[in-house]
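Sharing a model that was predicted from the sequence below.
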Amino acid sequence: MKRRVYSPIVYTPLNLNELNGYSHSHPKATIFAGGTYILPRYSDFQLGDFHIIDISHIEELNRISRTETYLEIGAGVSLNKILDIGKKVLPKNFQKAIMTVGNVIVRDMATLGGNIGNRDVITSLPPLLLMMDVRLEVRKNDTNRWIPFNQIYIPGRGPDLENWEFIQRIRIPLREWNFQMFRSQGDFLDEDRFLFCTFASVQKGIVTDIRFAFVSGWHTYIRSREIEVEMEGRKLPLSRSDITSLREHFYAMSLKNLSHLKDYQITQISRTFYWALHELSYSITE
Ligand SMILES: Cc1cc2nc3c(=O)[nH]c(=O)nc-3n(C[C@H](O)[C@H](O)[C@H](O)COP(=O)(O)OP(=O)(O)OC[C@H]3O[C@@H](n4cnc5c(N)ncnc54)[C@H](O)[C@@H]3O)c2cc1C
């Protein structure tokens, strides 16, 4: 049997005004940025009435600006261009996480907006951005709004955007963290994939702020504000009993009820948490 092949209709606005025009006339069109997620899954996308709006030529989405306190990155900026900002400016974990996305060729095309815009799986960068007090500028027609990233992004479901609302800019605070860890294992589309990230501030040997999160598989994101709060105010190094009780609380509060995860995934998370507590205890030299 012959399979009917449809060609998408592609629109290439050159600026935000033109984009507004297309979004009015094609409210169901798919936004295409670098295409590195969409293209390998071309056949999964709706065929027949397949309209694509390629935003890669919109100059306003390709800008980066910087102040003393934050970086503002257009949604269409490629991951390699973000790396070019340099390690002196980029938060270390953010830089490391970008380096794990695909390879250098993929990162040349892949954009930050496209990484955040994914609604199928938890991609590599949102788990970190959720912890970094990031804000997104989202735009619909000619109106825009700034919104905290953790109010609009739902791990496993992606950004909660209205019909034809899109991400325009991402504002990342340039905050000093004196303890950061990032670990990523497996391909991001593997069922076994694992990601861990933590940021902490330690002053005079006291943990003043700590954030940590895990991703297991495609859709499971674990972050426990209760445990983070429990850790804040503790003196380093943590005692053995501190570490044991934190690990037990973390297990009871965050891991015990994750019945959809396999045992080895729970063990991986629990051990990584344990390891991170040790690292935190002994790696701060102030
Ligand atoms: C070999 C290979 C390895 C990869 N490895 C990884 C990996 O390790 N980690 C990872 O996270 N990803 C990985 N990817 C997937 C992909 O490269 C990244 O997620 C990338 O950041 C997607 O960006 P893009 O610009 O190509 O998005 P696109 O493919 O253009 O779009 C992705 C989704 O985001 C939406 N979108 C794009 N821009 C916007 C916007 N401004 N506003 C709202 N929605 C938008 C699109 O409609 C689409 O649904 C890999 C891809 C390949 C080919």
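In hand now; what should we look at?

List the contacts of the residue in the stretch 1-150 of the chain that the ligand sits nearest to.
Using C-beta to the nearest ligand atom, the closest approach of the stretch 1-150 of the chain to the ligand is made by residue 114 at 2.1 Å. Placement of C-beta: from N, CA and C, glycine included. Each residue near residue 114 by C-beta atoms under 8 Å, 6 or more residues apart in numbering is listed here: 33, 34, 35, 36, 37, 75.

give me phi/psi at the residue nearest to the spatial centre of the chain?
What sits nearest the mean C-alpha location of the chain, by C-alpha atoms, centre = their mean, is residue 126, with 1.3 Å. Residue 126 adopts backbone torsions of phi -50, psi -40, taken as degrees, to the nearest 10.

my read: it touches residue 117, true?
No - contact criterion C-beta atoms under 8 Å: residue 126 and residue 117 do not qualify, at 9.9 Å.

Could you list the residues of this protein in contact with the ligand?
Counting by C-beta under 6 Å from any ligand atom, the residues of the chain lying close to the ligand are 30-38, 40, 75, 100-102, 106, 109-111, 113-115, 117-118, 123-124, 166-167, 188.

related to what we said a few turns ago, make sure the residue of the stretch 1-150 of the chain closest to the ligand is indeed in a helix.
Yes - applying DSSP: H, G, I helix; E, B strand; the rest coil, one finds residue 114 inside a helix.

Can you give me the buried ones in stretch 242-261?
In terms of neighbour count (16 or more other C-beta atoms under 10 Å), stretch 242-261 has its buried residues at 242, 243, 246, 247, 250, 254, 255, 261.

Straight-line length of it, end to end?
Start-to-end span of stretch 242-261 (C-alpha to C-alpha, to the nearest Å) is 27 Å.

contacting residues around it?
With contact meaning C-beta under 8 Å, 6+ apart, stretch 242-261 is reached by 216-217, 220, 222, 224, 226-227, 230-231, 234, 238, 266, 269-270, 273-274, 277-278, 281.

What is the burial count for residue 164?
Residue 164 has 19 neighbours, counted by other C-beta atoms under 10 Å.

My error: substitute residue 189 in the last question.
Neighbour count for residue 189, taken as other C-beta under 10 Å: 12.

so it touches residue 218, yeah?
Yes - counting by C-beta under 8 Å, residue 189 touches residue 218, with 7.5 Å between them.

intersection of neighbour lists for the two?
Shared contacts of residue 189 and residue 218, defined by C-beta under 8 Å, 6+ apart, are found at residue 121.

How far away from the center of its chain is the lengthiest helix in the chain?
Criterion DSSP state H: the longest helix present in the chain is helix 263-283. Relative to its parent chain, helix 263-283 has a centroid offset of 21 Å by C-alpha atoms, centre = their mean, to the nearest Å.

what's that helix in contact with?
With C-beta under 8 Å, 6+ apart as the criterion, helix 263-283 contacts 179, 181, 183, 192, 194, 196, 198, 200, 202, 207, 210, 212, 214, 216-217, 222, 236-238, 243, 246-247, 250-251, 255, 258.
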